[in-house]
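Output the structure for:
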Amino acid sequence: MDDIALAVIGGTGVYKLAALDDVQTHEVQTRYGAPSGPVRIGRLDGRRVAFLARHGEGHSIPPHKVNYRANLAALKQLGATRVLALNTVGGIGDDFGPRVLACPDQLIDYTWGRISTLCEEEGSEVLHVDFGHPYTPALRAQVLAAARARGVAVHDGGCYGATQGPRLETIAEIARMRRDGCDLVGMTGMPEAGLARELGLDYACLAIVANWAAGCGDAAEITMDEVLANVAAASAGLPALVGELARG
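You can find the predicted model right below:
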């Protein structure tokens, strides 16, 4: 059987890759427990692609309860070496309005209390990984090239601020994040990116802007109907982009 060309982790509003053919379901157990749900592996543009819904396929797992270690370990056990994380986010920077796709190059971690390392258990190897560039530069370049090849507009760069959730942020919190240099705000960017680095996985984020963050743009009260509608619209080009990336 040929190798998995790409693994995709879906965020809020992205619970499957409908374009996958010949899908096989894998129930995986890892040393860190069970992942958020089954890993679906199928073919896209002739390449094997794995998909895992971060919050579960019924969106039953809140951001602070996701077993990020098990999710990434399961993908690695199945043979994945490249991971594209789809993260549904709010826009802070002026260029990051609803329905924009962005491939950030930096992040700031505001989360707390999450298991954020493979070094948690007694006796584990102590890992001091370089995290200056939290997203694998080569994979980021491949994402952007795939987007260009398929005519999908993707903003190159930006800083992702990872908050605790599951509540949305206050206007004052977003103002602080803007001062810190954040362009995007989401709840699942960490510890996922750091764990991917510890596991030796190439990892990049494709952020789907679902709404303006509190106090930004023309932000009003945010509703899930609005979020899901914007995610669906912004995701229209994802199958083509993912297919092209899997070929790279």
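
what ranges do the helices span in this structure?
68-77, 137-149, 171-180, 192-198, 224-234, 238-247 (DSSP state H).

Comparing the ones you listed by mean pLDDT, which bottoms out?
Ranked by mean pLDDT, those bottom out at helix 224-234, which scores a mean of 88.

center of the chain - which residue?
Taking CA atoms, centre = their mean, the centroid of the chain lies closest to Ala85, which sits 2.8 Å from it.

isn't that one right next to Leu201, touching?
No. Using CB atoms under 8 Å, Ala85 is not in contact with Leu201, being 10.4 Å away. For every residue, glycine as well, the C-beta is placed using N, CA and C.

For the residue nearest to the centre of the chain, give its distance to Leu78.
To Leu78, Ala85 is 16 Å away according to CB to CB, to the nearest Å.

Likewise for His26?
His26 is 6 Å from Leu78, by CB to CB.

Which neighbours do those two have in common?
Residues touching both His26 and Leu78 (CB atoms under 8 Å, 6 or more residues apart in numbering) are Val39, Ile41.

Can you give me the buried ones in the helix or strand bottoming out on mean pLDDT in the chain?
In the chain, no helix or strand scores lower on mean pLDDT, DSSP states H and E than helix 224-234, which sits at a mean of 88. For helix 224-234, burial by neighbour count (16 or more other CB atoms under 10 Å) applies to Val227, Asn230, Val231, Ala234.

so what's the last one up against?
It stands for Ala234. Ala234 sits in contact with Pro98, Arg99, Val100, Leu101, Ile208, Val209, Ala210, where contact means CB under 8 Å, 6+ apart.

So which of the residues you listed wins on neighbours?
Highest neighbour count within the contacts of Ala234: Val209, with 30 neighbours (other CB atoms under 10 Å).

Strands along this protein, start to end?
With DSSP state E, the ranges of strands along the chain come out as 4-10, 21-26, 39-44, 47-53, 82-91, 101-103, 106-109, 155-156, 159-162, 184-186, 202-212.

among these, which is the most enclosed?
strand 184-186 (a mean of 29; mean count of other CB atoms under 10 Å).

what mean pLDDT does that strand have?
What strand 184-186 shows for mean pLDDT is 98.

Name the nearest residue to Leu228, ignoring sequence neighbours.
Nearest residue to Leu228 in three dimensions, chain neighbours excluded: Gly13, at 5.0 Å (CB to CB, 6 or more residues apart in numbering).

what's the burial count for the one you found?
So Gly13, with other CB under 10 Å, has 20 neighbours.

rewinding a little: could you redo the helices of the chain as JSON lines and give each row distance to Trp112?
Formatted as JSON lines, the helices of the chain follow (distance: least, CB to CB, whole Å):
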{"stretch": "helix 68-77", "distance to Trp112": "14"}
{"stretch": "helix 137-149", "distance to Trp112": "27"}
{"stretch": "helix 171-180", "distance to Trp112": "14"}
{"stretch": "helix 192-198", "distance to Trp112": "14"}
{"stretch": "helix 224-234", "distance to Trp112": "24"}
{"stretch": "helix 238-247", "distance to Trp112": "31"}
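
right, so of these, which gets closest to Gly161?
When those are compared by CB to CB, helix 171-180 sits nearest Gly161, at 4.6 Å.
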